[in-house]
Each structure stands twice: as C-alpha cells, then as structure tokens.
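Visitor: below are the sequence and a predicted model for it; my questions follow.
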Amino acid sequence: MDTDRNGPGERVVPAIHGRQLVAPDPIPENEFARHLRGTCSRDSLLEIFARFSHGQTPFDALMRRIVVKAVARECGHGLSVGVGVGFKHLETLELGDAVFLGDHAYIQGRVDGRCVIGHHAWIGPQSYFDARHLRIGEYVGWGPGARVLGSEHTGVPADRPIIETDLLIRPVVVEDWADIGVNAVLLPGVTVGRGAIVGAGAVVTRDVPPFSVVVGVPAVHLRWRQGHDPETPRANDA
C-alpha cells in the first residue's frame, strides 16, 4: 500500500499473489498438454477450452490451464485461468510463472503479433487487452476492468468510413512492478514505467515515468511514490 496515512477502519494485511512460491506443475499435467499439442488441431483445442471455460469445478480450471499450455507459444508454471476467460490468437501468448487471469478477462491477439505477460502478473476480472503488440512485465497488478488499446485506425483517407482505413499497431509496454488501477485505459504506443501507479479510471495517453503516480483523464502526474527520489537512481534500476 502506497499511502501516507491510515484512516479509521483501515488495516494492512500481507500480500498473497505476489509472494507465493511457485511449485513446478505436475509432470502428468505437462505431459498431457504436450500430447494435446501434438495430436489436436488448434481449432480442436479451442473447442475443448470452450467446453470447460465456464465451469466452476477444480477439474474445469485444470482443463483450462492444460489447454492454454497446449496452445500458447510459452506457458510457465502455476497458471490460473478464471471462469469465462477468452482469447483470440492464443498461440501468440507467452505467459510466465504464476500468472493469474481473472474471470471474464479477454486477450485479443493478432496472428502476426506477440503478447508477453511476465511472472507473477495479476490480471483482474473483466480486463480487456488489445494484445497485438503488448508486453506486461513481472509482478504487475492489473485492476479489474482495466483495458489496453494497442491499435487504431488511421482515418485516412477521410472520404472512407474510419473502420475501412488501415490499422496502425503501436506497441504498449507495462514495465515490472507497475500497478494499473480499476477501469484505467492505456492507449496505443504508451509505456508505463517500472513501479509506476496508474490511478483508477485514468486514461494514459503518454509515457508514465518509473515510480510515478498518474491520475485523471487524460492522465497527469500527481506525485512520486512514497520514498522515491527521481534524482537518486535505485540499485535495481541499473
């Protein structure tokens, strides 16, 4: 918690997701994922995923994780895939260890794109990712309902409907340790710096400096995080 005061009723409790130890996934689970990758088409695997996508049982969750392993470009240990999570071009995803994908999150990739989600990233429920060229770092918190847009129509020529004009894809990067607030929006081409905080509902239109706090529409600098002096480089920043 990044705060200078505690009001009545407030309390501090230990973090769970970011501090959990990651045990290797069971060997039979990994072998089954490799078997599915080698024997089933991508469409067949996505049909299997759809069959279990809204199930509430531990077995449903296990099957969602296994299918993601079988289809994704890379997948680490300890993945959690919530109820109703959806993908487009799942084969372009690279997932680290202990990635949490909350209920009804949707990740829309592109056939020639790349989406990287780093170790211990926590993706909140109902999040949306235009993941045509997206990198989310390690230990990133992504608030429920937050969205990222990585592309936009050029709008040229003006005598055509905008939706008919070419699509401009611009990379979006969220560096390690950053935290994206509930219902925030990142627009194409922005980088959120290491350890930065994007406030709830903020719309990020430009790069966010490391260890800064930004809020508002459009997002503007509010302050530096408590204990951070931008004039003094940190050892981990080197």
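Guide: Now that the structure is in, tell me what you want to look at. Residues are numbered from 1 along each chain as shown.
Visitor: beta partners of L93?
Guide: When bridges are called by DSSP bridges, L93 pairs up with C115.
Visitor: which strand residues bridge the residue sitting nearest the centre point of the chain?
Guide: By CA atoms, centre = their mean, the chain has its centre lying nearest to I123, at 5.2 Å. Going by DSSP bridges, I123 is paired in beta bridges with L101, W142.
Visitor: ok, it touching A105?
Guide: Yes - proximity of I123 to A105 meets the contact threshold set by CB atoms under 8 Å, at 5.3 Å. From N, CA and C alone the C-beta is placed, and that goes for glycine too.
Visitor: which residues of this structure score low on pLDDT?
Guide: 1-6, 232-238 (pLDDT under 70).
Visitor: helices along that one, start to end?
Guide: Listed in chain order, the helices of the chain (DSSP state H) span 27-39, 42-52, 58-71.
Visitor: so which of the ones you listed is nearest I136?
Guide: Closest of those to I136 is helix 58-71, at 15.9 Å (criterion: CB to CB).
Visitor: show residues contacting that closest one.
Guide: Helix 58-71 is contacted from outside by 29-30, 32-34, 36-37, 40, 42, 45-46, 48-49, 51-55, 75, 79-81, 83, 85, 87, 90-91, 93, 95, using CB atoms under 8 Å, 6 or more residues apart in numbering.
Visitor: buried sites along it?
Guide: D60, A61, L62, M63, R64, R65, I66, V67, V68, K69, A70, V71 (16 or more other CB atoms under 10 Å).
Visitor: for stretch 19-36, same thing?
Guide: D25, F32, A33, L36.
Visitor: can you add distance to G216 and give the residues you listed back as TSV?
Guide: Shown next, in TSV, are the buried residues of stretch 19-36 (distance: CB to CB, whole Å):
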residue	distance to G216
D25	42
F32	48
A33	44
L36	46
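Visitor: still on that earlier bit, and the buried residues of helix 58-71, which is closest to G7?
Guide: A61 (37.0 Å).
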